[in-house]
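S.K.: Sequence first, then the predicted structure, then my questions.
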Amino acid sequence: MRHRNRPPSRRSAAEDAKREALLQTQKQTEEPLRRAQEERNRLEQDRKVIESERHAADTQKQTPILPASPVASKSLTQYDGIYNGRLCNHFQDRPPACRPVALVVRDGIAEGSWTTVTNKTSTVKGTIDANGALKLILANWTPAGKLFETNLTGRIVDRAITASGQWRNGAAISGNWKRAQ
């Protein structure tokens, strides 16, 4: 029974290292999936809140009292909804790097967020005017743990949002979304 007390062979150490690398790869793959599911759950909750608010607004419309500014109110709420899409960084020397990001639009405010690989929350937030002009501020955490911000401008037309901007280093960024409802 002497062989049981021997130190592990190089072969088993290599196999252990392979198993550990495989487990790490699985964890790295599963974590973004888990985060994406959490984001979907949060967006579904937001969608339900928007539907509930719309139902309440529809109920209020049945009363004879008119809002103080029906044109402005109607103009902003016409864009309300959840918009599914993505943000893409465009580099000169490689293909675009894109990530799915949903925008929730409510009363002229657009918001979206996602969790980065460093477990920090990056955001995109902004405003939409009654004519569909859009201004967003993107605050993104890098893998190195630095926060970078940039502005995007765009429009909502036919239930679709397009926006673009540029990072300080000159790289372009663009976003495209379609209304889910």
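M.R.: That came in fine, so what should we check first?
S.K.: Endpoint to endpoint, stretch 79-99 covers what distance?
M.R.: Start-to-end span of stretch 79-99 (CA to CA, to the nearest Å) is 23 Å.
S.K.: In that stretch, which residues are buried?
M.R.: The neighbour-count check on stretch 79-99 (16 or more other CB atoms under 10 Å) flags Y79, D80, G81, I82, Y83, G85, L87, C88, H90 as buried. Glycine gets a C-beta too; all of them are placed from N, C-alpha and C.
S.K.: And the contacts of stretch 132-142?
M.R.: 79, 87, 110, 116, 118, 120-128, 147-157, 161, 163, 165, 173, 175 (CB atoms under 8 Å, 6 or more residues apart in numbering).
S.K.: Am I right that E44 is in a strand?
M.R.: No: per DSSP: H, G, I helix; E, B strand; the rest coil, E44 lies outside any strand segment and is helix.
S.K.: Now do the contacts for the residue nearest to the spatial centre of the chain.
M.R.: Taking CA atoms, centre = their mean, the centroid of the chain lies closest to V101, which sits 2.7 Å from it. By CB under 8 Å, 6+ apart, V101 lies in contact with G85, R86, L87, G112, S113, W114, V124, G175, W177.
S.K.: I'd like to know which helix or strand in this structure has the lowest mean pLDDT.
M.R.: Ranking every helix and strand in the chain by mean pLDDT, DSSP states H and E puts helix 70-77 at the bottom, with a mean of 61.
S.K.: Quick check: what element follows it along the chain?
M.R.: Downstream of helix 70-77, the next assigned helix or strand under DSSP states H and E is strand 81-90.
S.K.: partners of that following strand, with directions?
M.R.: strand 97-106 (antiparallel), strand 172-179 (antiparallel) (DSSP bridges).
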